[in-house]
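Novice: Sharing a model prediction with you, sequence too.
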Amino acid sequence: MIWQSTPCLHGEFCWHELNTRDAAGSTAFYSTLLNATATTIPMPHGDYTMLAIGSHTLMGMMPISATSPADVQAHWVGYIAVDDIELMTARAAELGATVRVPVTQGSIGRSSVISDPTGAVCALFQADPGKTDGMNEHGPGAVVWNHLVTADPARAVEFYSALLGWESELPPDGGADGARRMNAHGRSVAGIMPTSHPEDRSAWLTFICVERIEEAARTAVQLGATALTEVFGFPSIGAVMVLRDPQGASFCLLEPAQRGEA
């Protein structure tokens with residue numbers, strides 16, 4: 001499988017971060033599963049860990065704040081690149097989102113955290129000039145897709161289209177019950193689909209690319225993950241399996257349909 005890099009433009013996911021109550025356990029799980037190297041950066045709120053394979057940086061991990069409510073579980077947060085963080089955060093609120101964390105300056109840029117009108121959490125991010133290379137990397141171990149699962153896909157499509165300019169289309173394998181593929185800049189950036197359990201909270205699912213999904217799934221379970229589904233296929237995406245990691249965060253493994261791409 002070939003590593004590829006694409007420019008990260010406004011409205012596209014640019015980073016993924018696991019928030020966890022057991023940073024050491026999460027680091028051990030994902031670094032072993034993905035055969036990745038962990039680098040820890042001391043931060044005022046707790047050590048920040050980044051996983052990489054060679055020169056390819058994959059994802060970040062940080063501890064859930066001790067002041068967070070006790071019912072906050074381990075979870076993935078996807079960061080969406082925007083050209084104007086203040087404008088986009090204010091616009092999200094106008095469109096019905098809840099701003100969970102206001103615009104905050106970080107080491108490489110400014111970010112905010114929102115929950116969209118259906119309740120799903122994501123972050124908006126604007127890089128400081130010269131602090132990042134502005135590229136998304138795609139390959140084994142990287143996060144290569146994001147899918148919103150919600151009881152109200154029509155409301156989600158309306159919100160993200162108005163906020164980010166995403167364009168909605170039926171996915172190639174059908175759009176039953178409101179499922180949509182969202183596009184920007186001439187390429188697909190995310191999927192939105194209805195949940196089969198309307199009582200569940202809306203959430204973004206993070207898809208991690210692997211070379212061989214059956215092998216990766218066995219390893220994940222051996223390391224303490226729980227399989228939530230069997231392997232199933234999306235003709236336009238590839239083979240997928242949903243799991244819960246040992247710390248309680250849900251994620252997906254994805255073996256791409258096209259082996260030359262991630």
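Specialist: Arrived safely, thanks for sending.
Novice: And the residue lying closest to A23 once chain neighbours are set aside, how close does it get to Y48?
Specialist: Distances taken as C-beta to C-beta, 6 or more residues apart in numbering place P63 nearest to A23, at 4.9 Å, with adjacent residues excluded. Just so you know, the C-beta spots here come from the backbone N, C-alpha and C atoms, and that holds for glycine as well. Computed as C-beta to C-beta, to the nearest Å, the P63 to Y48 distance reads 9 Å.
Novice: for S188, same thing?
Specialist: 30 Å.
Novice: go on, F234?
Specialist: Note on F234: its distance to Y48, by C-beta to C-beta, is 33 Å.
Novice: same question, D128
Specialist: With C-beta to C-beta as the criterion, D128 and Y48 are 17 Å apart.
Novice: do the same with H138
Specialist: Distance of H138 to Y48, computed by C-beta to C-beta: 23 Å.
Novice: Now do the helices in this structure.
Specialist: Secondary structure of the chain by DSSP state H: the helices cover 23-34, 85-94, 153-164, 213-222.
Novice: Need those helices in JSON lines (columns: distance to E17 and mean neighbour count).
Specialist: What follows is those, written out as JSON lines (distance: least, C-beta to C-beta, whole Å; neighbours: other C-beta atoms under 10 Å):
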{"stretch": "helix 23-34", "distance to E17": "11", "mean neighbour count": "20"}
{"stretch": "helix 85-94", "distance to E17": "16", "mean neighbour count": "17"}
{"stretch": "helix 153-164", "distance to E17": "19", "mean neighbour count": "20"}
{"stretch": "helix 213-222", "distance to E17": "19", "mean neighbour count": "17"}
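Novice: show me the residues around L223 that make contact.
Specialist: Contacts for L223 (C-beta atoms under 8 Å, 6 or more residues apart in numbering) come out as 29, 32-33, 246.
Novice: Closest to A184 out of those residues?
Specialist: The closest of the contacts of L223 to A184 turns out to be L33 (C-beta to C-beta; 29.9 Å).
Novice: isn't the closest one right up against A216?
Specialist: Yes - at 6.8 Å, L33 counts as touching A216 under the criterion of C-beta atoms under 8 Å.
Novice: Bridge partners for V101, pull those for me.
Specialist: Bridge pairing for V101 (DSSP bridges) gives the partners V113.
Novice: What's the local residue count around it?
Specialist: Neighbours of V101 under the rule other C-beta atoms under 10 Å: 12.
Novice: Straight-line length of stretch 122-139, end to end?
Specialist: End-to-end span of stretch 122-139 (C-alpha to C-alpha, to the nearest Å): 23 Å.
Novice: mind listing the strands for the stretch 51-200 of the chain?
Specialist: Remark: strands assigned in the stretch 51-200 of the chain by DSSP state E, counting those that start in this stretch are 56-63, 75-81, 98-105, 109-115, 121-127, 135-138, 143-150, 167-169, 180-184, 187-194.
Novice: Okay, angle between the second one and strand 143-150 too, please.
Specialist: Yep, that's strand 75-81 we're talking about. Here the directions of strand 75-81 and strand 143-150 differ by 110 degrees (axes from the mean of the first three to the mean of the last three C-alpha atoms, to 10 degrees).
Novice: who does strand 75-81 pair up with?
Specialist: In the sheet, strand 75-81 lines up against strand 13-20 (antiparallel), strand 121-127 (parallel) (DSSP bridges).
Novice: can you check the first one too?
Specialist: Using DSSP bridges, the strands paired with strand 56-63 are strand 13-20 (parallel), strand 48-53 (antiparallel).
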